[in-house]
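Engineer: Just to be clear, the model below is a prediction. Sequence and coordinates:
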2 protein chains.
Amino acid sequence: MFVDTVYKNRRRVLKHKTGSGLIWLQGNQEVGMNYHGNPFPYRQDSNFLYFTGLTAPGLHLLIDIDEDKEYLVGDDLTVDASIWVGDLPLLSEHAENAGIKQIIPAKELPQRLKQAVLSGHHIHTLPPYHGYQSDAIREYIGPEHPDSMELIHAVIQLRSIKEDREIREMENALTITAELHRAVMQACDAGRTEQEIYARAMEIVLKEGGRLAYNAIMTVHGQTLHINTYQNQLKEGQLLLCDMGAENQMHYASDITRTTPVNRIFTTRQKEIYQIVLDTLKESTRKIRPGVEFKEVHLSAAAIITDGLKDLGLLKGDTEEIVEKGAHALFFPHGLGHMLGLDVHDMEGLGETFVGYNSETKRSETFGTSNLRLGRTLEKHHTITIEPGIYFIPQLFRKWKEERKHEEHIAYEKLTNWMDFGGIRIEDNVLVTADGHRVLGPHIPKEIDEITSL
Amino acid sequence: MFVDTVYKNRRRVLKHKTGSGLIWLQGNQEVGMNYHGNPFPYRQDSNFLYFTGLTAPGLHLLIDIDEDKEYLVGDDLTVDASIWVGDLPLLSEHAENAGIKQIIPAKELPQRLKQAVLSGHHIHTLPPYHGYQSDAIREYIGPEHPDSMELIHAVIQLRSIKEDREIREMENALTITAELHRAVMQACDAGRTEQEIYARAMEIVLKEGGRLAYNAIMTVHGQTLHINTYQNQLKEGQLLLCDMGAENQMHYASDITRTTPVNRIFTTRQKEIYQIVLDTLKESTRKIRPGVEFKEVHLSAAAIITDGLKDLGLLKGDTEEIVEKGAHALFFPHGLGHMLGLDVHDMEGLGETFVGYNSETKRSETFGTSNLRLGRTLEKHHTITIEPGIYFIPQLFRKWKEERKHEEHIAYEKLTNWMDFGGIRIEDNVLVTADGHRVLGPHIPKEIDEITSL
């Protein structure tokens, strides 16, 4: 964790922005995988991490804004428990590490919250995502207790702007991620399985004390955007799409995609599509600076992709019209990027639209652009992903063809031949600097000649 | 999965044993790690797996015993969803694979259950371990709905006796586990970190398409029984305790422990303690056959450990008296073993004591033996772990010494010198055969000379 003053300062700003009442942040508990006693690898809640730095399960933070008091809620390990898990920090030590002055035993939490309700205090809570979190809210505060919009917006304002120390942690995560992607690209040989390459990548993540920030994509079927199985054997002429990012020991995420042709040899078609995606990534990255609306960057990425596909005869008509109608989304159905931080889709649990949009920038309702998680104007020290892609998705192709959707723009006949292509995505993580941007982390090969000479 | 008749037969027996009413088994859903959209790697519920073989999330099984009808409850993927996740099996295909004749859309489940309650049917449910499972029971059936003891006992009777095909799957899991333990023992060199050895072991598990059946223990502090951090560097003179078991692609668990001295060189003390633990493992294994009460095997293991520690002057007095009083538990505080199957502590979610004890064998209340998960009489095709250990646990030593507990039996003064020893556990997985036992899976080195010559 960082030094205690980091967390104290964050909480000071949080109190100020939230206004008044009682803030209750629930730390995560262990979650059983196939029964209660066999938990998934523990992960602390990201908001709790951000405001306390504490990674132990079963803690709560109470902040009484009006009285300006902070309480860490939890229990010390009993001697009997220490026999099994060793000597862990006391609750008072946790509190000290986080700069919290007062501690409360866990059993007093319900009473504290019930009293606060009775005495008319407003209790600010964030949207729960575990059953035990909503159970606790229902039981201690009451049914139908609404999420606090004041708290949600205060947290988003804080976490959206990364501190220098956070940027260093993200670059640390990217050091691991860069190493794994190099290894994957080098191992991308015909005859190997997705599984063995995935296993090799995981060894790299784990030996550095990291874990995955999200379930890995390692597939020769890159057109299936959310595939998490690794059962195919690589064949010549295929593309291996690897979307993997390490979370480092401080729990900061990275999110990188590279697409490598098997044996690192591109077919002509692959080279053509790859170059469009790479140009889109580079052109989009060049546009990143404070004051730029990311929705505009997304739309201009869609235009670059459209132009490229027009050159190949797969789209036809006016580029601006194609992008406005969303015809390009047959090939590029997802968003250009999202915020990145302690969560891979940073703060998504607080409400994707609250994070990525505001009163100035509204979310599109057109398929494709509607999937853009981040639309708002960029500010200094936002950290984001830029991840253009071109995919040939048989299910979407069949649906649209049947509906004759955008048939004035889409060369359906020609496309029939492309349905075994798969998909290409290239993704970097980018910091918005005072006057531009910086691609975070070590360089990871992405130019065609870099890949072929690996 | 196995062929459909396997699951049909299991359900036929389940119906018969449960008697009457409506059985409702909830398959698992995805569980968010740090927000709803970022799930832990999915794991199906083991009971749902056992009775359907289906590994997709979001399914339910309803069995109307009185009408002799079975329903698979779930939803087909929409075309829009298939764009993201590809073509997955239809609900009707899942049902066919599991030999279930009827399907019901998920939205009709609440109504079906509410109707069943209104018409006076008894609804049999198992103990929930996820928040959404208890929420569903509360919402669809009512608050305070009790777990079904009939169903719990019926499931335990079935799952306790492994079919030949299940034993083959467990041996398959052990093939992976044997490979990882050999690699760990070979990598157990001074200067390496627990983390890098853990990472190497994980590569082996993942490249075979497996996953961990439980969070790995890889530690030079084997005396801390439930440690799951991997941050130490190995030093000469230390012991590396590795308790890791793969779950194979059919979701069967293995559970193996080996303890290796750093550089595979034993000190005299380490050799002495190791040999006691190894003798205990071998002697306990020899006793395994149908009709034997496992609690007796545990107590005789405690006696062997006691005799060994008496020879070293660390315990004193009559062996039988020491074991009866539980003085040996300072060194061997856990149980000798537990059932193993689809869960690493098989069926623990149904109630550890229901699985491991019955009206003939009661659970002990003496510290140490009270931690024995399995006490009951063994039957043919039980699959169990045998995992004796000797530990020098400073927290327990300090507590007992202060209480002067069992001071007539424990050489506290002498033991002060042993508190940096750590711990040794050696664990095999064993099948109860018709007339004896068989150690499952490939041989994994455990003799002292095997380890030193690795």
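Structural biologist: Arrived safely. Residues are numbered from 1 along each chain as shown, chains lettered A, B, ... in the order given.
Engineer: By residue count, tell me the biggest helix in chain A.
Structural biologist: Longest helix in chain A, counting residues (DSSP state H): helix A:164-187.
Engineer: Just the C-alpha atoms of the helix or strand just after it, please, in PDB.
Structural biologist: Sequence order places helix A:194-207 as the next helix or strand after helix A:164-187, per DSSP states H and E. Below are the C-alpha coordinates for helix A:194-207, written out as PDB (Å, rounded to 0.1, in the frame of the first residue of the first chain):
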ATOM      1  CA  GLU A 194      -4.100 -21.900 -27.400                       C
ATOM      2  CA  GLN A 195      -4.000 -23.600 -24.000                       C
ATOM      3  CA  GLU A 196      -0.200 -24.100 -23.900                       C
ATOM      4  CA  ILE A 197       0.400 -20.500 -25.000                       C
ATOM      5  CA  TYR A 198      -2.100 -19.300 -22.400                       C
ATOM      6  CA  ALA A 199      -0.300 -21.400 -19.700                       C
ATOM      7  CA  ARG A 200       3.100 -19.900 -20.700                       C
ATOM      8  CA  ALA A 201       1.600 -16.400 -20.400                       C
ATOM      9  CA  MET A 202       0.200 -17.200 -17.000                       C
ATOM     10  CA  GLU A 203       3.500 -18.400 -15.700                       C
ATOM     11  CA  ILE A 204       4.900 -14.900 -16.600                       C
ATOM     12  CA  VAL A 205       2.100 -13.100 -14.800                       C
ATOM     13  CA  LEU A 206       2.200 -15.300 -11.700                       C
ATOM     14  CA  LYS A 207       6.000 -15.400 -11.300                       C
END
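Engineer: ok and the residue in chain A nearest chain B?
Structural biologist: A:G131 (1.0 Å; Cβ to the nearest Cβ). (Glycine included, C-beta is placed from N, CA and C.)
Engineer: by how many degrees do the helix or strand hosting A:Y7 and helix A:164-187 diverge?
Structural biologist: If you go by DSSP H and E, A:Y7 is part of helix A:4-18. Going by axes from the mean of the first three to the mean of the last three Cα atoms, to 10 degrees, helix A:4-18 is angled at 110 degrees with respect to helix A:164-187.
Engineer: and helix A:4-18, what does it pack onto?
Structural biologist: helix A:46-52, strand A:60-64, helix A:149-160 (3 or more Cβ pairs under 8 Å, 6 or more residues apart in numbering or on different chains; DSSP states H and E).
Engineer: Single out the most deeply packed of these.
Structural biologist: Comparing the helices and strands packed on helix A:4-18 by mean neighbour count (mean count of other Cβ atoms under 10 Å in any protein chain shown), helix A:46-52 comes out on top with a mean of 24.
Engineer: Now do the buried residues in the worst-scoring helix or strand of chain A on mean pLDDT.
Structural biologist: Least confident element among the helices and strands of chain A, by mean pLDDT, DSSP states H and E: helix A:79-85 (a mean of 85). Buried residues in helix A:79-85, counted by 16 or more other Cβ atoms under 10 Å in any protein chain shown: A:S82, A:I83, A:W84.
Engineer: Those residues also near chain B: which ones?
Structural biologist: A:S82, A:I83, A:W84 (Cβ under 8 Å from any Cβ of the partner chain).
Engineer: Make JSON lines from these and add distance to A:H437 to it.
Structural biologist: Shown next, in JSON lines, are these (distance: Cβ to Cβ, whole Å):
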{"residue": "A:S82", "distance to A:H437": "49"}
{"residue": "A:I83", "distance to A:H437": "53"}
{"residue": "A:W84", "distance to A:H437": "49"}
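Engineer: What parts of the stretch 1-150 of chain A come near chain B?
Structural biologist: Residues of the stretch 1-150 of chain A lying near chain B (Cβ under 8 Å from any Cβ): A:31-41, A:43, A:45-46, A:79, A:82-87, A:129-135.
Engineer: Filter those down to the buried ones.
Structural biologist: A:31-35, A:37-41, A:43, A:45-46, A:82-84, A:86, A:129-134.
Engineer: Look at A:L77 and report its pLDDT.
Structural biologist: A:L77 is assigned a predicted lDDT (pLDDT) of 89.
Engineer: What is the burial count for it?
Structural biologist: 18 (other Cβ atoms under 10 Å in any protein chain shown).
Engineer: swap in A:H94?
Structural biologist: Around A:H94 there are 22 other residues, counting by other Cβ under 10 Å.
Engineer: same check, this time on A:N417
Structural biologist: 10.
Engineer: Equivalent analysis for A:Q231, please.
Structural biologist: Around A:Q231 there are 10 residues (other Cβ under 10 Å).
Engineer: tell me the phi and psi of A:G32?
Structural biologist: phi -70, psi 140 (degrees, to the nearest 10).
Engineer: make that A:V430, sorry
Structural biologist: Residue torsions, per degrees, to the nearest 10, at A:V430 are phi -130, psi 140.
Engineer: just to revisit the earlier point, which elements pack onto the following helix or strand past the least confident helix or strand of chain A?
Structural biologist: Using DSSP H and E, the next helix or strand after helix A:79-85 towards the C-terminus is helix A:91-97. In this structure, helix A:91-97 makes packing contacts with strand A:69-74, strand A:102-105, judged by 3+ Cβ pairs under 8 Å, 6+ apart.
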